[in-house]
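Colleague: Have a look; sequence and predicted model below, questions after that.
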Amino acid sequence: MGIYQLIIESGQRAGQCVQPPGNAYTIGRDAGNDLRLVEDGVSGRHCELQVTRAGVMLRDCRSTNGVFVNHQRVEEARLHRGDVIELGGARLRFEYLIAVPGVHRRRTPLFWASVLLVGMTFALEFGAMGIAVWTRHHRITPEESARILKFFPPVPTDAVPDALMPGAKPAPAATAGSANPATPVPATPATPGAPGAPGTPDAAAAPVPISGNR
């Protein structure tokens, strides 16, 4: 089984399909050709097809009326799927049966989009590497910092906690057993009847009874 086929579209053998089995295939009027066509304008050995690493090549064998591929005269051409070959009054259509390595394939928009995406990814990676190397060996001056910060909007100070403001000092942590000076100490209410409580007579001011014989 070959890798391509020729479909005869006009002439005495119209509708027939041939599958060349070898690497070389000759077409012409003479009986010694692999494919014999007796239509008007076909030379004794009109053309030859050759299977190569690049695909199937069509070569004109010095025919009288020439070889035409898709209505253009050629001396040698690489054939693609669906190409129409005209040899005098005969017309053939070329079709591949299997995929051939090295044969040109039409690129779809999805293929080019993938290529663009891969290219942009590599560009970003190399750009990031370049910036990293540059910042490692270059000290940024205050003027450069100011130019860079111009591209960023300022942050309002009321949206930043005081603890995160520049120059803010952290509050001292309270230790166990020590009172926080900023926390007020509530007064303990006095117990009624206790010394010093409101409404309780002072022991020092109370009269001392005098004992004596009457």
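Modeller: Cool, got the structure. Numbering: from 1, shown residues only.
Colleague: ok, what's across the strand from L35?
Modeller: I27 (DSSP bridges).
Colleague: That one and G11 touch, don't they?
Modeller: No - if you go by CB atoms under 8 Å, L35 and G11 don't touch, sitting 11.2 Å apart. Quick note: C-beta positions are derived from backbone N, CA and C, even for glycine.
Colleague: shared neighbours of these two, anything?
Modeller: Among the neighbours of L35, none is also in contact with G11 (CB atoms under 8 Å, 6 or more residues apart in numbering).
Colleague: Got the phi and psi for the nearest residue to E76 once chain neighbours are set aside?
Modeller: Nearest in space to E76, with sequence neighbours left out and distances taken as CB to CB, 6 or more residues apart in numbering, is R59 at 4.8 Å. Main-chain torsions, R59, degrees, to the nearest 10: phi -130, psi 130.
Colleague: ok, now how distant is R59 from L97?
Modeller: 21 Å (CB to CB, to the nearest Å).
Colleague: Neighbour count: these two, which is higher?
Modeller: R59 (14 against 11; other CB atoms under 10 Å).
Colleague: isn't the more buried one right up against C47?
Modeller: Yes - judged on CB under 8 Å, R59 makes contact with C47 at a distance of 6.4 Å.
Colleague: residues touching L79, list them.
Modeller: By CB under 8 Å, 6+ apart, the neighbours of L79 are Y4, L49, G55, V56, M57, L58, V69, I85, F94.
Colleague: Out of those residues, flag the one nearest to G119.
Modeller: Checking those against G119 by CB to CB gives G55 as the nearest, at 28.1 Å.
Colleague: Checking the nearest residue to E95 once chain neighbours are set aside next. Helix, strand or coil?
Modeller: Leaving aside its chain neighbours, E95 sits nearest to Q5 (5.3 Å; criterion: CB to CB, 6+ apart). Using DSSP: H, G, I helix; E, B strand; the rest coil, the structure places Q5 in strand.
Colleague: Let's see the pLDDT reported for Q5.
Modeller: On pLDDT, Q5 comes in at 93.
Colleague: Identify the residues contacting it.
Modeller: C17, V18, Q19, P20, F94, E95, L97.
Colleague: Let's see which of those end up in helices.
Modeller: Within those, no residue falls in helices by DSSP state H.
Colleague: which residues touch stretch 34-51?
Modeller: 3-4, 6, 8, 10-13, 18, 20, 22-30, 32-33, 56-65, 67, 79, 85, 87-90.
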